[in-house]
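>>> need coordinates for the below:
(one chain, ligands or ions: 1)
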Amino acid sequence: MLRSMFTRQRPGFPTVPAPGRDPALQNPPAPQYLYVESRAGKEALTLKILDSVPWIRVCEITDHRRLDAETVPFRGYDPGIKSQVLVLAHNPGPFVRPFRPLLDPGKNPDFFISHANGCPFDCHYCFLQGYFPHGAPVVFVNQDVIFEELERHLEAQTKLGPATYHAGELSDALALEPWSGFARRAIGIFRKNPLARLELRTKCAGIEDLLPDDPPPNVVCSWTLTPRDAWQRFEQDTPDPVQRLRTARACQEKGYSVGIRLDPALLYPGWEEGYRELIAAIFECLLPRSIESIVLGGFRFLPGLAVRIRERFPECSLLLAEFVPCPDGKHRYFRPLRVELYRKIIREIRKHDGGIPVQICMESEQVIQDVGEGLIKGTAPSSF
Ligand code: SF4
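Below is the predicted model of the structure:
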């Protein structure tokens, strides 16, 4: 019954930008297929999305986690699944989860919000490839449940102290915003909870109009960036880094605090020049006083991700560098190489600004010491 309700086809199936997107910015094209879980069919957000794309092909599915068992045109990591499919599903929950492991028990806790799984972009290094059995982006449409749970969580956590909530852990935080409207609603909730901080981490461009004006100070939009040549080698379908920076600047002008995430930081032929140019572009484009922080994290992977990268991108050179297994089971660049990577990137940052907080994530204390506390914390006040 649901299938016939959902099947709305129009010949030609034109590819059009998702609502509110500028196609010139190379954000992902609108999907051509909606896979809709039966139990998600009557949700208000499902009906709204169906109304906004009346030409789209709709397939009813039973369970988004078992896409390989469904009769659908694209499943698993078939080429095209990211660009042609959007899944609308119910998340049975929980929606708010702690990061694990809690690396520093003395630090304020971090949580992530599962409002979506997967991402329409296709970065070779993306850890989600080793995490989900298929590559289709999934929007959880039972949003009233998400937001009720989030409000309860914030109320309880606020009594314990400050905390950070991440919306870009299991998906790009804003790539599905034209469909889900998640961030807009979440920002309204964080406005009422000033002790908690929301980070929206993305690679999107051209999304500034989707975000509300007059943002509260506890919301940070952060952009993940790689040098231009690494973007060309290792990312598919993501917007040009310069377009991302222009969008970040537009968000600063709207009043948003902006974070820069060089994660993964990559070693590849020409990386030093690549990061020099990228850092220069960051400081040329952005207002340093509204850069909340810069976070670096060297490329790392679990063995399952390496298998997926080799299967999906056999020509990719990401895995040719020298890696060592680390105590958390992940492989990272040989330690002296990543210390050199961090030191050189931070030196470039310090040439432009002595005071912006720089952090290194997912690394051991030893590596951070080797990089140098002074270099990380900065030695001079911000130039603004
Ligand atoms: S943008 Fe982020 S979430 Fe999306 S594919 Fe790239 S690394 Fe993964």
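
>>> residues in contact with residue 275?
Listed by Cβ atoms under 8 Å, 6 or more residues apart in numbering, the contact set of residue 275 reads 227, 262, 265, 344, 345, 348. C-beta coordinates here come from the backbone N, C-alpha and C atoms, glycine included.

>>> repeat that for residue 138.
With contacts defined as Cβ under 8 Å, 6+ apart, the neighbours of residue 138 are 64, 87, 88, 89, 116, 117, 118, 171.

>>> what do you get if the cut-off is 6 Å, keeping everything else the same?
64, 87, 89, 117, 118 (Cβ atoms under 6 Å, 6 or more residues apart in numbering).

>>> report the closest residue of the stretch 251-384 of the chain relative to the ligand.
Nearest residue of the stretch 251-384 of the chain to the ligand: residue 264, at 8.3 Å (Cβ to the nearest ligand atom).

>>> which strand or helix spans that residue?
Residue 264 belongs to strand 257-265 when assigned by DSSP states H and E.

>>> what pairs with that strand, and is each one parallel or antiparallel?
According to DSSP bridges, strand 257-265 forms sheet pairs with strand 219-224 (parallel), strand 291-298 (parallel).

>>> tell me which two in the contacts of residue 138 are the farthest apart.
Spatial extent of those (Cβ to Cβ) is set by the pair 89 and 118 at 10.7 Å.

>>> hang on, the earlier thing: what about the ligand: which of the contacts of residue 138 touch it?
Among those, not one lies near the ligand by Cβ under 6 Å from any ligand atom.

>>> close to the ligand: what parts of the stretch 101-250 of the chain are there?
Counting by Cβ under 6 Å from any ligand atom, the stretch 101-250 of the chain comes close to the ligand at 119, 121, 122, 123, 126, 128, 172, 203, 238.

>>> would you turn these into JSON lines with distance to residue 309, pLDDT and neighbour count?
Shown next, in JSON lines, are these (distance: Cβ to Cβ, whole Å; pLDDT from 0 to 100; neighbours: other Cβ atoms under 10 Å):
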{"residue": "119", "distance to residue 309": "16", "pLDDT": "94", "neighbour count": "27"}
{"residue": "121", "distance to residue 309": "15", "pLDDT": "94", "neighbour count": "23"}
{"residue": "122", "distance to residue 309": "11", "pLDDT": "95", "neighbour count": "20"}
{"residue": "123", "distance to residue 309": "10", "pLDDT": "97", "neighbour count": "21"}
{"residue": "126", "distance to residue 309": "9", "pLDDT": "98", "neighbour count": "21"}
{"residue": "128", "distance to residue 309": "12", "pLDDT": "97", "neighbour count": "18"}
{"residue": "172", "distance to residue 309": "19", "pLDDT": "96", "neighbour count": "26"}
{"residue": "203", "distance to residue 309": "18", "pLDDT": "97", "neighbour count": "26"}
{"residue": "238", "distance to residue 309": "16", "pLDDT": "94", "neighbour count": "27"}
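
>>> mind putting those in JSON lines, secondary structure included?
Listed next are these as JSON lines, based on DSSP: H, G, I helix; E, B strand; the rest coil:
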{"residue": "119", "secondary structure": "coil"}
{"residue": "121", "secondary structure": "coil"}
{"residue": "122", "secondary structure": "strand"}
{"residue": "123", "secondary structure": "strand"}
{"residue": "126", "secondary structure": "coil"}
{"residue": "128", "secondary structure": "helix"}
{"residue": "172", "secondary structure": "coil"}
{"residue": "203", "secondary structure": "coil"}
{"residue": "238", "secondary structure": "coil"}
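
>>> and residue 87, that's in a strand?
Yes. Counting by three-state DSSP, residue 87 falls inside a strand.

>>> let me see the mean pLDDT of the strand holding residue 264.
Mean pLDDT, strand 257-265: 98.

>>> please parse the chain into its domains.
1-224, 262-372 (automatic domain parsing).

>>> and the helix or strand that the strand holding residue 264 is followed by, C-alpha only, in PDB?
Remark: after strand 257-265, the chain's next helix or strand is helix 271-285, criterion DSSP H and E. C-alpha atoms of helix 271-285 as PDB (Å, rounded to 0.1, in the frame of the first residue of the first chain):
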ATOM      1  CA  TRP A 271      51.700  18.900   1.300                       C
ATOM      2  CA  GLU A 272      53.900  21.600   2.700                       C
ATOM      3  CA  GLU A 273      53.100  24.000  -0.100                       C
ATOM      4  CA  GLY A 274      49.500  22.900  -0.100                       C
ATOM      5  CA  TYR A 275      49.000  23.700   3.600                       C
ATOM      6  CA  ARG A 276      51.000  27.000   3.200                       C
ATOM      7  CA  GLU A 277      48.500  28.100   0.500                       C
ATOM      8  CA  LEU A 278      45.500  26.800   2.400                       C
ATOM      9  CA  ILE A 279      46.500  28.700   5.700                       C
ATOM     10  CA  ALA A 280      47.100  31.900   3.700                       C
ATOM     11  CA  ALA A 281      43.600  31.500   2.000                       C
ATOM     12  CA  ILE A 282      42.000  31.000   5.500                       C
ATOM     13  CA  PHE A 283      43.500  34.200   6.800                       C
ATOM     14  CA  GLU A 284      42.800  36.100   3.600                       C
ATOM     15  CA  CYS A 285      39.100  35.100   3.600                       C
END
